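A.B. asks: 3D model of this:
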Amino acid sequence: MTELSNNDRIDLQSLNLKEQVVSINRVTKVVKGGKNLSFTALVVVGDPEQHVVGFAKGKAKEVPAAIKKGIEAAKKNLRRVNVINKTIKHTVLGRFGSGEVLLKPAPEGTGVIAGGTVRAVMEAAGIPNVVTKCIGTNNPHNVVRATFDALEQLRDRDTVAQLRGIQPERLG
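C.D. replies: As a prediction, this is how the structure comes out:
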């Protein structure tokens, strides 16, 4: 999964983006006059048909405004996922902070075996068959970032061949 650069930037109008709220937190800031209350929303946005997914956090005084800010920021953070035969190509382990997420390929018909946070990312990315395991923290922010770290480690056949400096046909 590579971050989209300027030369292969996707037109947002061509995507059928689905939004999913992963978590909402109430945040309080203590000031001289009392407490200031606001909300943060962690949002995952993706197009399952195009295998494009992104995430972001929005913060505002009201929940709907925080969700809207998160969605707009996630649209600017879209990434492409390498998928083959409705699953991932190989086992990967993503890490962020004290959280680790293990993603394993699964045969057709298995479905998404995952917790709520990883499930939101997998469904938004359009990966229908995968087995996952969260190791360490279950903090939604760390789990989402670890899942994206794992998805970024997925490579397609041509990229691996190019990195190794050989022809794609010579790969085993």
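
A.B. asks: domains for this protein, by residue range?
C.D. replies: Following automatic domain parsing, one gets these domains for the chain: 6-79, 83-170.

A.B. asks: packed most tightly, which of the ones you listed would that be?
C.D. replies: The highest average neighbour count among these, using mean count of other CB atoms under 10 Å, belongs to domain 83-170 at a mean of 18. The C-beta positions use only the backbone N, C-alpha and C, and glycine is treated the same way.

A.B. asks: straight-line length of it, end to end?
C.D. replies: The straight-line separation of the ends of domain 83-170 (CA to CA, to the nearest Å) is 21 Å.

A.B. asks: let me have the domains of the chain in TSV, extended by mean pLDDT.
C.D. replies: Listed next are the domains of the chain as TSV, based on pLDDT from 0 to 100:
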stretch	mean pLDDT
domain 6-79	90
domain 83-170	91
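
A.B. asks: so what's the backbone phi/psi at Asn129?
C.D. replies: phi -130, psi 110 (degrees, to the nearest 10).

A.B. asks: distance of it from Glu108?
C.D. replies: Noted for Asn129: a distance of 6 Å to Glu108, by CB to CB, to the nearest Å.
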